[in-house]
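**Student:** My questions are about this predicted structure, shown below with the sequence.
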Amino acid sequence: MVVSMMQFILEIPDVTSIKDKRRIVRSVKDKLQRRFRLSAAEVDLQDSLSFAHIGGALVSNSRSFGESVLQKAFAMVENEIPARIQDIQIHSEEF
């Protein structure tokens, strides 16, 4: 069993309330879950207005498959979300 994980920090410009930030974060998580069947959550920076730390994971039987899905998920976030992405990390562990 291989668990592939990704995490990244979104810098969300021009957000004026936590409610606006939560709407954007929920949209990112929902897209990751629906399109790529990832488990996704906001893992840190919940109190920050302009930053969100998102984590996602996928269980598969192949390191290359898991990491390729995460690369596609990252490309989707980069192209469709109105935010700057910082500190992307993709990692797999075999159990």
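**Tutor:** Good, I have the coordinates. This one's a predicted model, so the numbers in the text were calculated from it and none came from an experiment.
**Student:** Only C-alpha atoms from now on, for both contacts and neighbour counts.
**Tutor:** Noted.
**Student:** Look up phi and psi at residue 90.
**Tutor:** Per-residue torsions, residue 90: phi -130, psi 130 (degrees, to the nearest 10).
**Student:** wait, I meant residue 53
**Tutor:** Note on residue 53: backbone dihedrals following degrees, to the nearest 10 are phi -110, psi 110.
**Student:** who's in contact with it?
**Tutor:** Counting by Cα atoms under 8 Å, 6 or more residues apart in numbering, residue 53 makes contact with 7-10, 42-46.
**Student:** Pull out the buried members of those residues.
**Tutor:** Burial by neighbour count, 16 or more other Cα atoms under 10 Å: within the contacts of residue 53 this picks out 7-10, 42.
**Student:** Now pLDDT, secondary structure and distance to residue 25 too, for these, in a markdown table please.
**Tutor:** Formatted as a markdown table, those follow (pLDDT from 0 to 100; DSSP: H, G, I helix; E, B strand; the rest coil; distance: Cα to Cα, whole Å):
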| residue | pLDDT | secondary structure | distance to residue 25 |
| --- | --- | --- | --- |
| 7 | 93 | strand | 13 |
| 8 | 93 | strand | 12 |
| 9 | 93 | strand | 11 |
| 10 | 89 | strand | 9 |
| 42 | 92 | strand | 7 |
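**Student:** sorry, back to before: Serialize the contacts of residue 53 to JSON lines and add fields for distance to residue 91.
**Tutor:** Formatted as JSON lines, these follow (distance: Cα to Cα, whole Å):
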{"residue": "7", "distance to residue 91": "9"}
{"residue": "8", "distance to residue 91": "12"}
{"residue": "9", "distance to residue 91": "15"}
{"residue": "10", "distance to residue 91": "18"}
{"residue": "42", "distance to residue 91": "18"}
{"residue": "43", "distance to residue 91": "16"}
{"residue": "44", "distance to residue 91": "18"}
{"residue": "45", "distance to residue 91": "21"}
{"residue": "46", "distance to residue 91": "23"}
